[in-house]
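Asker: What follows is a predicted protein model with its sequence.
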Amino acid sequence: MLSAFASAFKTPDLRKKLLFTLAMLALYRLGASVPTPNTNTHAINDCINQAQAGDNANVYSLINLFSGGALLRLSAFALGIMPYITASIIIQLLVVVIPRFEQLKQEGQSGQQKLTQYSRYLTIGLGILQSTGFIALARSGQLFPSCQGAILYKDDMWTLSTMVLCMTAGTGIIMWLGELITDRGVGNGMSVLMFTSIAARIPNEGQTILQNAGGFVFTLICALGLAIIIAVVFVEQAQRRIPVQYAKRMVGRRQYGGTSTYLPLKVNQAGVIPVIFASSLLYIPQLISQLTSNGTSASAFERWVNNYLINQSSWVYIIVYFALIIFFTYFYVGITFDPVERADDMKKYGGFIPGIRPGRPTAEYLQFVLSRITLPGSLYLGIVAVLPNFFFSITSSNAQNFPFGGTAVLIMVGVGLDTVKQIESQLMQRNYEGFLR
């Protein structure tokens, strides 16, 4: 591995891409530390310390995960890449619903560019909505309910509009940095930025565990995290290879086809999207309870949410979270993978699965295989996601400080594997020795 990195930096073109990617990541982390105008930085730091010691330690844990801790500090890049992720998921789901979007997807590169442009517009709109919501929470004191200090200097409309504009502009800059990394750097830009945001939180969380729980628990958590990473790498690489044979055909005087290949179906076909969907859905009752709280007496709904949904070590939360992940895994795979379309494409180019007739029998066979491998994939996602909650429900500790949580480790391992594969492919292109040495 070290020799591969040394070879990467010895190659001039690849070295430029790696250095450019590192420069963009440094700029991204710098923007995450720049405070938004009208924010009291010292009061925010005090409120964050109080919130980490309370029961509602990370009520915005999912969104704050993708911002690298910048959300609670109300920095210029506070929203992180969450608006772009949400916009991309919405556009991807609308492709199935809106015929116009489905036509654009089938047009190829030009249609994909239009869909990307729609995602950019939707990202800016979501950035405005999310920044307005979080600034409203900061103004009303609901961002840190247990903190009594004022985190904003002024609360007039002009000043708050300026803060919304700054956060929305930060979202646009993040989107631009991600596209620059994709075009001129290494790896997918948004995925690399997501990886950086998650990795930036690990040292602080590890230090918190070491100070509060001691060296033995810290060593145990590191060993558990290493085992989780190994298991995730193993399953992420697993796939079911369906053999596909292409018949020979004559085009003019040339003969095409007659080759054997395979159709890879990954065990984790949905990626980390079901975990994000399930976390977002469980976050909605917490947000409703926080917004409707009058601060005097808690209603029955608020007590139920505080006992079972905010407390992520409760068995009710673990069971509901696990069931939602399985449901969203089947839902997302059913939307993104169309066996009928794959069967039609294979039939169009003269491909067939040995022993299976082209057309409808091929689509039914693909659907059967996909449903069989989606079950272990959904169970794998659910186990990895709820394993930290289950572990800390037994040890009676805070699961939010676990640095190798389900969403974090799935994203980090997936992005790391994809980036390393791209670097290796570029090294093979530049170091190909040929037949004669």
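Answerer: Noted; the coordinates are in hand.

Asker: Report the buried residues of stretch 15-27.
Answerer: Burial within stretch 15-27, assessed by neighbour count using 16 or more other CB atoms under 10 Å, is assigned to 17, 18, 20, 21, 24, 25. Every residue, glycine included, has its C-beta placed from N, CA and C.

Asker: Restricting to C-alpha, output that stretch in CSV.
Answerer: Provided in CSV are the C-alpha atoms of stretch 15-27 (Å, rounded to 0.1, in the frame of the first residue of the first chain):
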residue,chain,number,x,y,z
ARG,A,15,0.4,13.9,-8.2
LYS,A,16,-1.2,17.0,-9.5
LYS,A,17,-4.7,15.5,-9.0
LEU,A,18,-3.9,14.3,-5.5
LEU,A,19,-2.4,17.7,-4.5
PHE,A,20,-5.4,19.5,-6.0
THR,A,21,-7.8,17.3,-4.1
LEU,A,22,-5.9,17.9,-0.8
ALA,A,23,-6.0,21.7,-1.5
MET,A,24,-9.8,21.6,-2.0
LEU,A,25,-10.3,19.6,1.1
ALA,A,26,-8.2,22.1,3.1
LEU,A,27,-10.3,24.9,1.7
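
Asker: How far does whichever strand or helix holds residue 32 sit from its chain's centre?
Answerer: Assessed by DSSP states H and E, residue 32 sits inside helix 12-33. Relative to the chain's own centre, helix 12-33 is displaced by 20 Å; criterion: CA atoms, centre = their mean, to the nearest Å.

Asker: so what secondary structure elements neighbour that helix?
Answerer: Applying 3 or more CB pairs under 8 Å, 6 or more residues apart in numbering; DSSP states H and E, we find helix 12-33 packed against helix 2-10, helix 157-184, helix 189-199, helix 406-430.

Asker: the longest helix in the protein is where?
Answerer: Ordering each helix of the chain by length in residues (DSSP state H) puts helix 360-395 first.

Asker: Could you figure out how far that one is turned away from helix 406-430?
Answerer: Helix 360-395 and helix 406-430 are oriented at 130 degrees to each other (axes from the mean of the first three to the mean of the last three CA atoms, to 10 degrees).

Asker: Run through the neighbouring helices and strands of helix 360-395.
Answerer: By 3+ CB pairs under 8 Å, 6+ apart, helix 360-395 packs against helix 215-237, strand 239-246, strand 260-266, helix 273-292, helix 315-336, helix 339-348, helix 406-430.

Asker: buried sites along the shortest one?
Answerer: For strand 260-266, burial by neighbour count (16+ other CB under 10 Å) applies to 263, 265, 266.

Asker: elements contacting it?
Answerer: Secondary-structure packing of strand 260-266 (3+ CB pairs under 8 Å, 6+ apart): strand 239-246, helix 360-395.

Asker: so where's the stretch 151-300 of the chain uncertain?
Answerer: For the stretch 151-300 of the chain, residues meeting the criterion pLDDT under 70 lie at 249-253, 255-258, 287, 289-299.

Asker: Count the residues that sit near residue 343.
Answerer: Number of residues near residue 343 (other CB atoms under 10 Å) recorded here: 24.

Asker: sorry, that was for residue 184
Answerer: Residue 184 is flanked by 13 other residues according to other CB under 10 Å.

Asker: thinking it is in contact with residue 20, fair?
Answerer: Yes. Using CB atoms under 8 Å, residue 184 is in contact with residue 20, at 5.5 Å.

Asker: what residues do the two have in common as contacts?
Answerer: Counting by CB atoms under 8 Å, 6 or more residues apart in numbering, residue 184 and residue 20 have no common neighbour.

Asker: where does residue 58 land on pLDDT?
Answerer: pLDDT, residue 58: 46.

Asker: wait, residue 20
Answerer: On the pLDDT scale, residue 20 gets 92.

Asker: heads up, I number from 35, so please use that
Answerer: Okay, residue one is now 35; in that scheme the one you just asked about reads as residue 54.

Asker: Using the three-state scheme, assign residue 184.
Answerer: Classification of residue 184 by DSSP: H, G, I helix; E, B strand; the rest coil places it in coil.

Asker: OK, contacts around it?
Answerer: Contacts of residue 184 by CB under 8 Å, 6+ apart are 74, 77.

Asker: Try it again at 10 Å.
Answerer: Contact analysis of residue 184 by CB atoms under 10 Å, 6 or more residues apart in numbering lists 74, 77, 81, 172, 173, 175.

Asker: Pipe the helices and strands packed on helix 394-429 into CSV and attach distance to residue 185 per row.
Answerer: Compiled in CSV, these are given as follows (distance: least, CB to CB, whole Å):
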stretch, distance to residue 185
helix 249-271, 32
strand 273-280, 48
strand 294-300, 44
helix 307-326, 16
helix 349-370, 29
helix 373-382, 51
helix 440-464, 27
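
Asker: and residue 109, which of those is closest to it?
Answerer: Closest to residue 109 of these, according to CB to CB: helix 440-464, at 20.1 Å.

Asker: name the helices or strands packed onto that closest one?
Answerer: Here helix 440-464 touches helix 36-44, helix 46-67, helix 95-101, helix 223-233, helix 236-247, helix 249-271, helix 307-326, helix 394-429, going by 3 or more CB pairs under 10 Å, 6 or more residues apart in numbering; DSSP states H and E.

Asker: Now do that helix against helix 46-67, angle only.
Answerer: Going by the same axes, to 10 degrees, helix 440-464 makes 160 degrees with helix 46-67.

Asker: Only the buried residues of helix 440-464, if you could.
Answerer: Result for helix 440-464 [16+ other CB under 10 Å]: buried residues 440-450, 452-453, 457, 460-461.

Asker: from the chain's centre, how far out does that helix sit?
Answerer: For helix 440-464, the distance to the chain centre is 14 Å (CA atoms, centre = their mean).

Asker: same deal with stretch 402-420?
Answerer: Taking CA atoms, centre = their mean, one finds the center of stretch 402-420 at 18 Å from the center of the full chain.

Asker: Outline the domain layout of the protein.
Answerer: Domains of the chain are assigned by automatic domain parsing as 50-234, 246-471.

Asker: Out of those domains, which one sits most buried?
Answerer: domain 50-234 (a mean of 18; mean count of other CB atoms under 10 Å).

Asker: Quote the end-to-end distance of that one.
Answerer: Across its full length, domain 50-234 reaches 24 Å between end residues, using CA to CA, to the nearest Å.

Asker: any idea whether residue 105 is helix, strand or coil?
Answerer: Assigned with three-state DSSP, residue 105 falls in the coil class.

Asker: Can you tell me how far it is from residue 52?
Answerer: Distance of residue 105 to residue 52, computed by CB to CB, to the nearest Å: 29 Å.

Asker: Ok, residue 169 next?
Answerer: In this view, residue 169 and residue 52 are 37 Å apart by CB to CB.
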